[in-house]
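1. Quick check, what structure comes out for this input:
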Amino acid sequence: MEKKNPQTIIFNTRFGIHTFFLKFPIDIMIIDKNYKLVAYKKNLKPNRIFFWNIRFNLVIELPSGSIKKSKTEIGDIILLQEESRNT
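-> From the prediction side, this is the model:
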């Protein structure tokens with residue numbers, strides 16, 4: 001993720017991520033298989049680690065401030081829309 005053009009990244013991983021090589025904070029959302037938000041971390045600064053329950057593995061990385069701006073809360077259903085690209 002670059003600060004001048006921040007993007008949302010969705011991926012699968014188990015129980016934790018790090019921000020060791022980032023230069024700015026990000027927001028993290030953890031969602032279950034039904035796309036319900038089960039955990040989040042606002043403004044995760046560089047050189048930090050964030051862990052969550054091992055049962056959940058779908059992670060959404062967002063530009064810092066996205067969770068606050070959207071007023072997203074635990075229990076909300078997250079709708080994902082595939083981006084169409086002309087390549």
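
2. Helix, strand or coil: sort out Lys68 for me.
-> Following DSSP: H, G, I helix; E, B strand; the rest coil, the label given to Lys68 is helix.

3. Near the residue nearest to it when sequence neighbours are not counted, how many residues? Count them for me, please.
-> Nearest residue to Lys68, sequence neighbours excluded (CB to CB, 6 or more residues apart in numbering): Lys42, at 6.2 Å. Using the backbone N, CA and C atoms, a C-beta is placed for each residue, glycine as well. Here the number of neighbours of Lys42 (other CB atoms under 10 Å) works out to 16.

4. can you pull out the strands in this protein?
-> Here the chain has its strands, by DSSP state E, at 9-12, 16-18, 26-31, 37-44, 49-51, 58-63.

5. Need the ones you listed in CSV (columns: distance to Gln81 and mean pLDDT).
-> Shown next, in CSV, are the strands of the chain (distance: least, CB to CB, whole Å; pLDDT from 0 to 100):
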stretch, distance to Gln81, mean pLDDT
strand 9-12, 11, 92
strand 16-18, 23, 94
strand 26-31, 14, 97
strand 37-44, 16, 97
strand 49-51, 25, 96
strand 58-63, 12, 96
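
6. right, so those: which one is the most enclosed?
-> Compared across the strands of the chain, strand 26-31 shows the largest average neighbour count, a mean of 22 (mean count of other CB atoms under 10 Å).

7. Can you tell me the strand partners of it and which way each runs?
-> strand 37-44 (antiparallel), strand 58-63 (antiparallel) (DSSP bridges).

8. I'd like to know which of these lies nearest to Gly16.
-> The minimum distance between Gly16 and the strands paired with strand 26-31 falls on strand 58-63, with 9.5 Å, by CB to CB.

9. Show me the contact partners of the closest one.
-> Defining contact as CB atoms under 8 Å, 6 or more residues apart in numbering, one finds that strand 58-63 is touched by 1, 6-13, 17, 26-33, 35, 78.

10. follow-up on the earlier one: including distance to Lys69, could the strands paired with strand 26-31 go into TSV?
-> Formatted as TSV, the strands paired with strand 26-31 follow (distance: least, CB to CB, whole Å):
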stretch	distance to Lys69
strand 37-44	10
strand 58-63	9
